[in-house]
Each structure stands twice: as C-alpha cells, then as structure tokens.
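Student: sharing a model prediction with you, sequence too.
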Amino acid sequence: MREERIAPPHPLAALQYPNYRLFYSAYLVGTLGTLLLFAATLWQVYELTGSALLLGLTGLARALPILVLSLAGGVIADRVDRVKFIALTQGASGALPFVLAGLTAAGLIDVWHIYVVTFLSSTVSALSMPARTALVPGLVPRRHMLNAIALASSIFQVANILGPAMAGVGIAAFGLTATYLANGIAHIVSLGALALIKVAPGEIASVDASPYRSVLEGLAFVRARSIILIMLLMDTAATLLGSYRTLIPIIAVSLGSGADGMGWLLAAPGVGSLLGTGAILALGNVRYKGWYLIGGILAYCAALVFLAVSPWLALATLASGLLGFFDSVQMIPRNTAIQAITPDALRGRVSSFQLVFSGGSPALGQATSGVVAAMLGAPLTLILGALACTAVIAGLTAARPDLRDRDLGDEPARAAAPPVHAS
C-alpha cells in the first residue's frame with residue numbers, strides 16, 4: 001500500500017488572510033526595531049568596557065524577566081484580547097530606545113543604563129510574547145498552521161538580516177544615537193498595523209480560576225503531553241549550551257573587523273534562517289517532525305565548531321549563516337507540533353511555558369558564554385558548548401522513541417491534562 005503524501009501548500013498561503021498580513025507586517029517592523037536595539041547595545045557595551053564578562057551580563061538582564069514573568073504572560077494571554085494587549089506592549093517597547101538615545105546624545109550613558117533598558121525591554125517581551133504566539137493559529141485555518149508559523153518565524157529571520165546589518169552600518173555612519181532613534185520609531189510604526197487587525201477572540205480561559213490555578217492547569221497539560229517538554233529541552237540544549245551571539249563582537253574584533261563586521265556576523269544567521277524557512281515551506285506539513293528537530297540541532301552543533309575555528313571573516317560569516325539555517329530546520333516543525341497538540345484555551349499558557357525555555361535559555365546562554373569566554377576564550381567556549389549539546393541530544397533521542405514517530409504533532413488538539421486542585 002502506497003504511503004499517502006500531503007501536497008505542499010503555496011509557500012505564502014497564510015498571507016492570503018488579511019488579519020495575518022497585518023500581524024505579519026506589525027511583527028516584522030517591531031522585531032526589526034528589537035534587533036537594532038540588540039546589536040546596538042552589544043556594541044556599546046563592548047565599546048565602553050571591552051569586557052566579555054560584561055557583554056555576558058546583557059544576556060542575564062534579558063534572561064531574568066523571561067524566566068520569572070513568562071508564565072504570568074501566558075495567563076494574561078488566555079484571559080484578554082490578545083491583539084489589544086500586543087499593541088499595548090508594543091507601545092511600551094517603542095518608548096525604551098528613546099531613553100538610550102537621549103543618554104547617548106548627552107554623553108551620560110553608562111553600562112548600567114543599558115542593563116536597565118535591556119531588563120525592561122525583556123520584561124515587556126516576556127509578558128507579550130505568549131499572546132503573539134497564541135494569536136497566530138487563530139488567524140488562519142488549521143490546514144495552514146505550519147505555513148503561518150513558518151512565515152511568523154521568518155519575521156525574526158528577515159529582521160535578523162536587516163536589523164544587525166542596519167545597526168552595524170548605522171553605528172559606523174551615523175552613530176549610536178541615530179540607531180536607537182530608528183529602533184524606537186520602528187516599534188511605533190508597527191502599532192498602525194496592529195490597530196487594523198479585526199479578529200474574533202479565541203477561546204478564553206475561565207476568569208473564575210485564580211491565576212495560580214491557571215498556571216497549574218497549563219503545567220499539568222505539558223506534563224500530560226511530556227513530548228512537549230522533551231522537544232523544549234532539546235531546543236534548550238542548543239540555545240543554552242550553544243549560545244554564540246554575545247561572543248560575536250569579540251569574534252569580529254579578533255578577525256580584524258569592527259562594528260560593520262559584527263553587523264554582518266549577526267545578520268548572517270538571519271539569511272541562513274530565511275533559507276531554512278524557505279526549505280520547510282516548500283516541503284509543506286512534513287512528517288517525522290522529530291527527526292527534523294534532532295538532525296537540525298546536531299547540524300547546528302557542527303556549525304558552532306565551524307564558527308569557532310574559522311580564520312577569516314568570510315568563513316565565520318558562512319558558519320553563522322549555517323547556524324541560522326539549521327536552527328530554522330529544527331524550530332519550525334517543533335513549534336508546529338507543539339501548537340497542533342495544544343488546544344486554543346491553553347495556547348497562551350503553553351506558549352509562555354515554551355518561552356521560559358526558548359526565550360530564557362538563549363539569554364542565560366549569552367550570560368554563561370560570556371563568563372566562560374572570559375576564562376577560556378571565545379573559540380574554546382563554542383567548541384565545548386557544541387560537544388555538550390551533542391551529548392544531550394543523543395541522550396534524549398535514545399530515551400524517547402516517540403520523537404521518531406511519523407505522525408508527531410498531527411494528533412487533534414485536546415485538553416488531556418488531569419484536573420488541577422489548588423491546595
């Protein structure tokens with residue numbers, strides 16, 4: 001009997017829906033501003049201090065709000081109008097870069113100012129990202145969910161190409177003040193598209209339950225569907241042990257470049273991610289999503305080693321591009337499987353739990369990579385991280401044969417978590 005083959009949809013199928021187009025536009029412009037801020041603050045910290053350790057602390061400032069507040073963001077996302085909440089947080093994000101622009105222009109900027117703004121920006125992101133993630137499946141029919149999630153992931157990738165490149169060129173040509181101003185304006189512009197989205201609210205969780213009970217219900221669902229946790233742990237291994245972004249300024253300088261070289265090294269993963277997204281879009285709703293997750297992360301580890309040993313900027317840029325490519329190859333099938341398994345009433349909370357891993361671990365990885373690089377140097381830090389990540393992936397693959405299931409993520413979404421009783 002021949003195996004049924006699912007015909008790939010049009011690569012831009014989700015964009016035929018007006019609400020999704022508006023969401024895509026707003027998210028793209030806002031994320032572009034976020035990546036401008038990320039690159040500019042990294043360069044300014046390194047310019048002020050020349051310290052790998054203090055670069056790493058920017059990651060800690062990003063990690064703490066995500067780890068502490070993401071679950072609260074999930075509870076909010078399941079109780080409010082997600083579009084209005086996203087717009088509110090987008091406006092708050094747009095105000096922060098103007099503070100750095102003013103301090104930089106006045107010559108009063110200090111490292112602690114950058115840490116505070118980074119912390120506040122991450123706080124807003126931790127509260128709003130579960131609502132963004134949970135909103136996407138409600139903007140398109142279920143048959144286009146992978147396409148919508150893949151296109152949404154391409155937002156970060158496109159912004160990751162343009163944002164760091166624009167930041168590097170902008171810093172070199174116009175200075176940090178202008179770069180921060182551009183970041184703030186980008187966030188504000190995105191509010192216009194968000195204001196035009198007209199979509200019926202998704203299934204809202206009961207507000208009779210306490211926030212604490214709501215969190216427990218979300219965690220109980222993840223525990224009942226433990227494959228979600230396993231997939232998130234695998235991604236965490238890559239983003240925590242294989243973190244590299246904080247080390248990019250150091251690598252750029254060691255290869256004889258400056259802010260422009262840093263911009264290209266930070267932009268290259270976006271190019272690779274965009275190509276990876278295109279490959280997944282062309283394949284459609286792929287089977288064996290777990291194998292894409294496993295293979296993508298192992299290839300990511302190999303690219304880390306390539307980056308560590310690259311003697312020239314061109315090779316380092318290629319290695320950075322491969323990191324982005326393989327990250328997309330594993331990320332899109334993984335996120336699609338998680339969203340497909342999760343019912344709408346729990347999507348905000350499950351997305352917030354996912355954000356604790358996918359958002360908190362990269363920021364923690366930036367902090368730990370900075371600390372280790374201060375002692376061992378950037379190249380050895382990358383190689384050791386790649387080896388440790390490979391060991392974790394091999395262990396989880398051996399322990400969970402359901403990762404290799406053909407139909408992983410194709411089961412209907414249903415709330416299978418056991419009842420939760422607040423003590």
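Tutor: Received it, and whenever you're ready, just let me know what you need.
Student: what is the helix or strand harbouring V371 packed up against?
Tutor: Element membership of V371, judged by DSSP states H and E, is helix 360-376. Counting contacts by 3 or more CB pairs under 8 Å, 6 or more residues apart in numbering; DSSP states H and E, helix 360-376 is packed against helix 52-77, helix 378-399. No exception for glycine: its C-beta is placed from N, CA and C like everyone else's.
Student: output that helix as CSV, nothing but the C-alphas.
Tutor: Extracted C-alpha coordinates of helix 360-376, given in CSV (Å, rounded to 0.1, in the frame of the first residue of the first chain):
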residue,chain,number,x,y,z
GLY,A,360,15.1,32.3,28.8
SER,A,361,17.7,29.8,27.8
PRO,A,362,19.3,31.8,25.0
ALA,A,363,19.6,34.8,27.3
LEU,A,364,21.1,32.6,30.0
GLY,A,365,23.4,31.1,27.4
GLN,A,366,24.6,34.6,26.5
ALA,A,367,25.5,35.2,30.1
THR,A,368,27.2,31.9,30.6
SER,A,369,29.1,32.1,27.3
GLY,A,370,30.4,35.5,28.3
VAL,A,371,31.7,34.1,31.6
VAL,A,372,33.3,31.0,30.1
ALA,A,373,34.8,33.1,27.3
ALA,A,374,36.4,35.5,29.8
MET,A,375,38.3,32.4,31.2
LEU,A,376,38.8,30.2,28.1
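Student: turn the helices and strands packed on helix 360-376 into JSON lines, columns for mean neighbour count, mean pLDDT and distance to A101.
Tutor: Putting the helices and strands packed on helix 360-376 into JSON lines (neighbours: other CB atoms under 10 Å; pLDDT from 0 to 100; distance: least, CB to CB, whole Å) gives the following:
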{"stretch": "helix 52-77", "mean neighbour count": "23", "mean pLDDT": "76", "distance to A101": "18"}
{"stretch": "helix 378-399", "mean neighbour count": "18", "mean pLDDT": "89", "distance to A101": "30"}
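Student: want to throw those helices into CSV with distance to A167?
Tutor: Output for those, formatted as CSV (distance: least, CB to CB, whole Å):
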stretch, distance to A167
helix 52-77, 14
helix 378-399, 20
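Student: follow-up on the earlier one: quick one: buried residues of the helix holding V371?
Tutor: Going by neighbour count (16 or more other CB atoms under 10 Å), the buried part of helix 360-376 is 360-374.
Student: same check on stretch 293-310?
Tutor: In stretch 293-310, counting by 16+ other CB under 10 Å, buried: 293-294, 296-301, 303-308, 310.
Student: out of those residues, who's nearest S25?
Tutor: Comparing the buried residues of stretch 293-310 against S25 with CB to CB places G296 closest, at 28.1 Å.
Student: re the thing from before, so what touches the helix holding V371?
Tutor: The contact list for helix 360-376, computed with CB atoms under 8 Å, 6 or more residues apart in numbering, reads 51-63, 66-67, 70, 122, 235-236, 239-247, 250, 381, 384-385.
Student: quick check: mean pLDDT of that helix?
Tutor: In this model, helix 360-376 has an average pLDDT of 78.
Student: tell me the one of the buried residues of stretch 293-310 nearest I114?
Tutor: Nearest to I114 among the buried residues of stretch 293-310 is L307, at 25.4 Å by CB to CB.
Student: I'd say L37 and Y180 touch.
Tutor: Yes. Between L37 and Y180 there is a contact under CB atoms under 8 Å: 7.3 Å.
Student: the more surrounded of those two?
Tutor: Each of L37 and Y180 has its neighbours counted (other CB atoms under 10 Å); Y180 has more, 30 against 27.
Student: that one: which element?
Tutor: Y180 belongs to helix 176-195, assigned by DSSP H and E.
Student: which strands or helices does that helix pack on?
Tutor: Using 3+ CB pairs under 8 Å, 6+ apart as the contact test, the elements touching helix 176-195 are helix 18-49, helix 82-105, helix 145-174.
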